[in-house]
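Asker: show me the folded form of this:
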Amino acid sequence: MCGVKDAAMAMSTINVGAGEDIFRQGEAGHDAFIIRKGQVAILHRDARGQEAAIAFRGPGELIGEMALASRELRSATAQARTACILVALSRDEIEQRVAEADPILQIVLQTAFARLREIMPVQGSSG
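Answerer: As a prediction, the model looks like this:
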């Protein structure tokens, strides 16, 4: 079985400039991304419109997966802090890989994402 870095090398890459949004809170999620190079800030806008960094991600980490797993709108914005090289993973590709996974692992993943969504603030479609 190949590792994350091996899988990422086989896919096309996306270059994102420092300060550019990769995706925005409240948007539909169609892709997740593996960060090959660079730093990404995860930002959340609260009900008052105040945006704050809630996490930072770097090489080898996955971002944008929650919207794909839950089929809900993006719960945060991802913004490149530095120039980034990303690998896009489509919803279809991720779903195919999950469908091929062990059924127990499927249940664990579904439960983990559902519980994360329960504790995270979520941007509704109205704002």
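Asker: what does stretch 15-25 contact?
Answerer: 29, 33, 38, 40, 43-45, 63-64, 73-86, 123 (Cβ atoms under 8 Å, 6 or more residues apart in numbering). For every residue, glycine as well, the C-beta is placed using N, CA and C.
Asker: okay, that stretch in CSV with CA atoms only?
Answerer: This file holds the C-alpha atoms of stretch 15-25, laid out as CSV (Å, rounded to 0.1, in the frame of the first residue of the first chain):
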residue,chain,number,x,y,z
ASN,A,15,-0.3,26.2,-7.3
VAL,A,16,-1.8,28.8,-4.9
GLY,A,17,-0.2,32.1,-4.1
ALA,A,18,0.3,33.5,-0.6
GLY,A,19,-2.9,35.2,0.6
GLU,A,20,-5.2,33.4,-1.8
ASP,A,21,-8.2,31.5,-0.6
ILE,A,22,-8.2,27.8,-1.5
PHE,A,23,-11.9,27.5,-0.5
ARG,A,24,-14.4,29.7,1.5
GLN,A,25,-16.6,29.0,4.4
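Asker: quick check: next helix or strand after the host helix or strand of residue 92?
Answerer: Using DSSP states H and E, residue 92 falls within helix 91-99. Per DSSP H and E, the first helix or strand lying C-terminal to helix 91-99 is helix 103-119.
Asker: rounded mean pLDDT for that following helix, please.
Answerer: Averaging pLDDT along helix 103-119 gives 81.
Asker: same check on stretch 26-34?
Answerer: Averaging pLDDT along stretch 26-34 gives 94.
Asker: in terms of secondary structure, what does the helix holding residue 92 contact?
Answerer: Contacts defined by 3 or more Cβ pairs under 8 Å, 6 or more residues apart in numbering; DSSP states H and E place helix 91-99 against helix 65-70, helix 103-119.
Asker: show me which residues of that helix are buried.
Answerer: 91, 94 (16 or more other Cβ atoms under 10 Å).
Asker: so what touches that helix?
Answerer: Applying Cβ under 8 Å, 6+ apart, the external contacts of helix 91-99 come out as 29, 30, 31, 32, 65, 68, 69, 106, 109.
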